[in-house]
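Student: Sequence and predicted structure, then a few things I'm wondering about:
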Amino acid sequence: MGMVMLVCVLAVVAAVGLVGLAALVYRLIGRDTDPTESRGVSVGHAGSMLSSLFLLVFAIAVVVPWASADSARQNTYTEGQALVETYWAAAGLPAPDAARVQTELRDYARFVISREWPLMAAGRLGDEGTTRLESLRTAVMNLRPTGEDARAAKGQVLDRMSDLFSARRQRAADAKSTPPAGVLLLTVVTGVVVIVFPFLAGARPRGLALVPLTLMAMLLGVGVYLAQDISRPFSGGLAVRPDAFVGAIDEFQRIPEGR
């Protein structure tokens, strides 16, 4: 959460700083370079509108990934809970089937953490994880337990695995999610317009007057970098970590082994 807050604070600072500096420059333009008061008012108004537009687009570029990452994080905990519930249900199967199913579930959790999670930074899951779960589900379906309790345990395992598959599909969708198309490009375009607008309005700053414009350009670069960095839920400063699966493996240790 510390990294999340740092990224968000930096993004807000970059946006507000850029808009604040733009407002200062537009005010200087309207006061110092325009002999006509009405023209100065027009320049200031146009500059304010451009700044507001940039701030709106930049807010979308930051808030949407933030919300997506938070939703993806909650979904991983839902998947981790489904994994734990499946492990619990498997404990009711007769030996040696219970131990075999639980071992497969532990191996799957470790696979997700060590091998699948790095793939999600690129927006995909791969096929091996799905193949593992499908093979396990087929193996459970092929069991022929005797006794009412064992048959009920088999049904519970299959029900929990259905939840696990659903959560996995949601994680795959989360990994592919990105901000609305064109938002980052529009952020760059509006930011550049905010920077070059003083020149288009007739200002010719020199010396110290160039400092605000230079800072604006630097803040624009920082803002665009941050927006790009957090564009996917499983990469960058807001990246979702496999804490839910690590917690599930820890929970496995407290669940009875299959009888």
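Tutor: Everything's here; your move.

Student: In the chain, where is pLDDT below threshold?
Tutor: By pLDDT under 70, the weakly predicted segments of the chain are 1-49, 198-209, 258-259.

Student: Against V193, how distant is the residue most central in space within it?
Tutor: What sits nearest the mean C-alpha location of the chain, by Cα atoms, centre = their mean, is P233, with 2.1 Å. Per Cβ to Cβ, to the nearest Å, P233 is found 30 Å from V193. All C-beta atoms are positioned from the backbone trio N, CA, C, and that covers glycine.

Student: correct me, but the residue nearest to the centre of the chain touches D174?
Tutor: Yes - in this structure, P233 is within contact of D174 by Cβ atoms under 8 Å, at 5.4 Å.

Student: Quick check: buried residues in the helix or strand harbouring V246?
Tutor: According to DSSP states H and E, V246 maps onto helix 243-252. Neighbour-count burial for helix 243-252, with 16 or more other Cβ atoms under 10 Å as criterion, is recorded at A244, F245, G247, A248, I249, E251, F252.

Student: could I get these as TSV with distance to W117?
Tutor: Below are those laid out as TSV (distance: Cβ to Cβ, whole Å):
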residue	distance to W117
A244	11
F245	8
G247	14
A248	13
I249	13
E251	18
F252	18
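
Student: how about F111, what does it touch?
Tutor: Going by Cβ atoms under 8 Å, 6 or more residues apart in numbering, F111 touches E128, G129, R132.

Student: and with 6 Å instead?
Tutor: With Cβ atoms under 6 Å, 6 or more residues apart in numbering as the criterion, no residue contacts F111.

Student: Could you check how far the helix holding V246 is from the centre of its chain?
Tutor: Centroid displacement of helix 243-252 relative to its chain, using Cα atoms, centre = their mean, to the nearest Å, is 21 Å.

Student: Can you give the contact residues for it?
Tutor: By Cβ under 6 Å, 6+ apart, helix 243-252 touches T76, Y77, G80, L83, V84, Y87, R106, A109, V112, I113.

Student: Would you mind confirming that the last one is in contact with R241?
Tutor: No - counting by Cβ atoms under 6 Å, I113 sits too far from R241 to count as a contact (9.6 Å).

Student: Neighbour count: these two, which is higher?
Tutor: The residue with more neighbours, out of I113 and R241, is I113; 18 against 13, by other Cβ atoms under 10 Å.

Student: quick one: the helices in the stretch 1-150 of the chain?
Tutor: All helices of the stretch 1-150 of the chain, identified by DSSP state H, counting those that start in this stretch, fall at 2-28, 37-90, 97-111, 117-120, 128-141, 148-176.

Student: between the ones you listed, which gets nearest to V222?
Tutor: helix 2-28 (4.5 Å; Cβ to Cβ).

Student: if we can go back for a sec, what is in contact with P233 and D174 at once?
Tutor: A72.
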